[in-house]
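J.: Structure of the sequence below:
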Amino acid sequence: MSAQPAIMSFRDALPVPVPADSPVAPSQRSETARPGLCTLLAATAHADPGRVAFVDPKDKAGWSGRGPITWTYGAAAEIVARLANGMRQWRLAPASRVGLIAAAGSETLLSYLAIEAAGHIPCLLPQAWDEDALVSGIQAAGIQAVLTQSRVAGKLPAECLRQVAVRYFGLRYLAAFGPDVPDGVISLDGMVLDGRGGPFAPESAGLVTFAAADPAQPVYRPADALIATIAVHLATARVAPRERILTLLAPVDLRGLVTGLGAALVAGAGLEMVGPFDAGRFAEALGRPGPTHLVAPAALERNLAASRSPDGLESIVLAHRLPTRLHARLLAPASVHAPRRVVDVLAFDETALLTASRADGDLAHFLADAHPLAPFPALLDIARDEDGRFAFRGRASGASPLQRGIPPGKTADLWNAVPFAAKIFAGRATEIVRC
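T.: Residues are numbered from 1 along each chain as shown. Predicted structure coming up:
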């Protein structure tokens with residue numbers, strides 16, 4: 001392979017920096033395909049199998065019964081291939097919706113990629129949902145199978161899913177990683193150990209998340225809209241190959257998926273997740289050597305501002321869940337004394353993510369503009385009407401409510417209003433409220 005391997009066609013079309021060493025096997029190039037994240041995993045594994053992909057939390061055994069593992073791209077691709085091949089034996093039609101109860105470990109990441117690789121649609125189910133919410137969400141999204149773990153932080157999600165299956169007969173397959181997998185639930189560890197790898201699906205069928213974590217509001221996003229969202233985010237977040245993303249967010253929604261797994265695989269970086277929050281474990285993980293990009297809930301800004309940043313911390317990504325007040329910024333943008341960059345990510349439910357660097361200006365002024373100057377309007381454009389309500393258009397906002405079947409993709413040129421508006425005072429947005 002040449003020193004400058006080919007880059008996938010969809011990346012060539014995006015007006016964002018793409019790392020020159022993010023490789024793709026020649027057979028995987030296509031002008032019309034909608035590649036998924038599993039394709040990016042396979043591409044990097046093809047050229048650099050020893051590169052670190054996923055790092056488990058050090059305390060994982062205590063809350064999951066499974067020891068921590070550091071996964072290379074090559075090893076992760078092999079496990080994903082085995083899981084996907086096992087799932088193909090299930091009697092599911094192509095592009096079936098498969099649920100995933102997300103937790104802070106590599107099992108969630110491998111499961112998401114395996115669902116894609118098997119040709120199905122990952123549906124992210126919040127771990128905090130109880131049995132009633134799971135029944136409602138699984139039924140609303142038409143989910144036919146669910147992947148999870150047997151134990152997560154004192155909970156037994158696989159056992160809970162057995163009760164869900166009793167109440168909703170459309171749920172045909174349950175599978176779980178971990179010890180003591182209950183009867184009637186397929187062991188994913190057994191599938192890995194006894195199975196063989198196979199080819200990945202050539203295209204992604206998209207994904208399903210839930211607006212405001214409401215089980216009655218499933219939202220479908222096609223694959224190209226997901227990739228466009230990640231590309232817009234990375235244009236500001238600027239993660240380089242072989243660097244590390246350390247995230248406190250589980251991939252339970254668009255916000256967590258894009259800033260974590262999505263950003264890591266598109267950039268060719270490594271991803272480390274922090275499990276149930278422990279300040280000591282977090283400080284230990286943050287202090288490990290190497291260029292690091294921290295992704296944290298915006299509520300932790302005050303704590304981070306009061307802490308000393310380690311030398312390897314390249315950036316801090318603060319993820320906001322709306323509605324929110326736009327308080328005074330406590331973390332300053334990059335300077336000689338504080339070289340790490342500070343980036344804000346605003347999640348407009350599951351419709352759009354807005355990523356802004358504090359070095360580029362005041363976010364409050366930006367949101368107060370009736371038509372803010374978007375850096376890549378073909379991918380994500382933003383406007384605000386006279387009542388302060390926001391709307392988006394472009395490939396990165398191509399999400400639609402999921403009702404019966406997969407909805408057709410929205411035209412990228414049409415404005416998509418979201419239920420959020422800005423309160424403006426003295427030329428600044430002081431608050432974003434739900435309307």
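J.: Name the helix or strand for the residue nearest the centre of the chain, please.
T.: Centroid-nearest residue in the chain: L257, 0.7 Å away (criterion: Cα atoms, centre = their mean). Using DSSP states H and E, the element containing L257 is helix 254-257.
J.: Tell me the helix or strand right after that helix.
T.: Counting by DSSP H and E, the next helix or strand C-terminal to helix 254-257 is helix 263-267.
J.: before we move on, back to that, am I right that the residue nearest to the centre of the chain is in contact with P251?
T.: Yes. If you go by Cβ atoms under 8 Å, L257 and P251 touch, sitting 4.4 Å apart. Where you see a C-beta, it was placed from the backbone N, CA and C, and this is true even at glycine.
J.: Mind listing the shared neighbours of the two?
T.: By Cβ atoms under 8 Å, 6 or more residues apart in numbering, L257 and P251 have these common neighbours: Y112, L124.
J.: on that earlier part again, can you list the helices and strands that the helix holding L257 packs against?
T.: Applying 3 or more Cβ pairs under 8 Å, 6 or more residues apart in numbering; DSSP states H and E, one finds that helix 254-257 makes contact with strand 207-210, strand 313-321, strand 341-348.
J.: Now the element after the second one, going C-ward?
T.: When you say that, I think you mean strand 313-321. strand 324-325.
J.: Can you list the neighbours in contact with the helix holding L257?
T.: Residues from elsewhere that reach helix 254-257 (Cβ under 8 Å, 6+ apart): 102, 112, 124, 207, 209, 221, 226, 229, 247, 249-251, 319, 321, 345, 347, 350, 353.
J.: ok, back up a step: so which of the helices and strands packed on helix 254-257 is the most surrounded?
T.: Scoring the helices and strands packed on helix 254-257 by mean neighbour count under mean count of other Cβ atoms under 10 Å gives strand 207-210 as the most buried, with a mean of 27.
J.: Tell me the secondary structure at F54.
T.: Following DSSP: H, G, I helix; E, B strand; the rest coil, we place F54 in the strand state.
J.: Give the bridge partners for it, please.
T.: Legend: beta-bridge partners of F54 under DSSP bridges are W71, L271.
J.: Surely it and P68 touch.
T.: No. Assessed by Cβ under 8 Å, F54 is found out of contact with P68, at 10.3 Å.
J.: So for these two, which residue has more residues nearby?
T.: Just comparing F54 and P68: by other Cβ atoms under 10 Å the higher neighbour count belongs to F54, 24 against 15.
J.: ranges for the helices of the stretch 301-435 of the chain?
T.: 301-305, 363-368 (DSSP state H, counting those that start in this stretch).
J.: Domain map for the chain?
T.: 37-219, 221-434 (automatic domain parsing).
J.: Centre of the chain to the first one, how far?
T.: On the basis of Cα atoms, centre = their mean, to the nearest Å, the separation between the geometric centre of domain 37-219 and that of its chain is 13 Å.
J.: Do me a favour and get the end-to-end distance for it?
T.: Counting by Cα to Cα, to the nearest Å, you get 19 Å between the two ends of domain 37-219.
J.: tell me the average confidence for it?
T.: Averaging pLDDT along domain 37-219 gives 95.
J.: Sticking with I230, tell me its helix or strand.
T.: Residue-wise, I230 maps onto helix 223-237 under DSSP H and E.
J.: quick one: contacts for A103?
T.: S64, Q127, Q149, V152, A153, A250, G275.
J.: So it, which state does it fall into?
T.: A103 - assigned by three-state DSSP - is coil.
J.: ok, it to A223 distance?
T.: According to Cβ to Cβ, to the nearest Å, A103 stands 24 Å off from A223.
J.: next one: K423
T.: 35 Å.
J.: of those two, who's got more company?
T.: Using other Cβ under 10 Å as the criterion, K423 and A223 rank with A223 on top: 22 against 16.
J.: Enumerate every residue touching the more buried one.
T.: A223 neighbours (Cβ under 8 Å, 6+ apart): R34, P35, G36, E203, S204, A205, G206, L207.
J.: Looking at those, which are in strands?
T.: L207 (DSSP state E).
J.: Buried ones from the contacts of A223, can you make that a ChimeraX selection?
T.: The ChimeraX selection below is limited to those of those classed as buried (16 or more other Cβ atoms under 10 Å):
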select :34,35,36,203,204,205,206,207
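J.: Quick check: helices, which of the contacts of A223 are part of them?
T.: When the contacts of A223 are checked against helices (DSSP state H), there are no matches.
J.: Need the contacts of A223 in a markdown table (columns: distance to G394).
T.: Below are these laid out as a markdown table (distance: Cβ to Cβ, whole Å):
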| residue | distance to G394 |
| --- | --- |
| R34 | 16 |
| P35 | 19 |
| G36 | 20 |
| E203 | 21 |
| S204 | 19 |
| A205 | 21 |
| G206 | 17 |
| L207 | 18 |
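J.: Q403: which of the contacts of A223 is nearest?
T.: Among those, G206 lies closest to Q403 (Cβ to Cβ), at 15.0 Å.
J.: who's in contact with the closest one?
T.: Contact partners of G206, counting by Cβ under 8 Å, 6+ apart, are I121, Y220, R221, P222, A223, A225, L226, I406.
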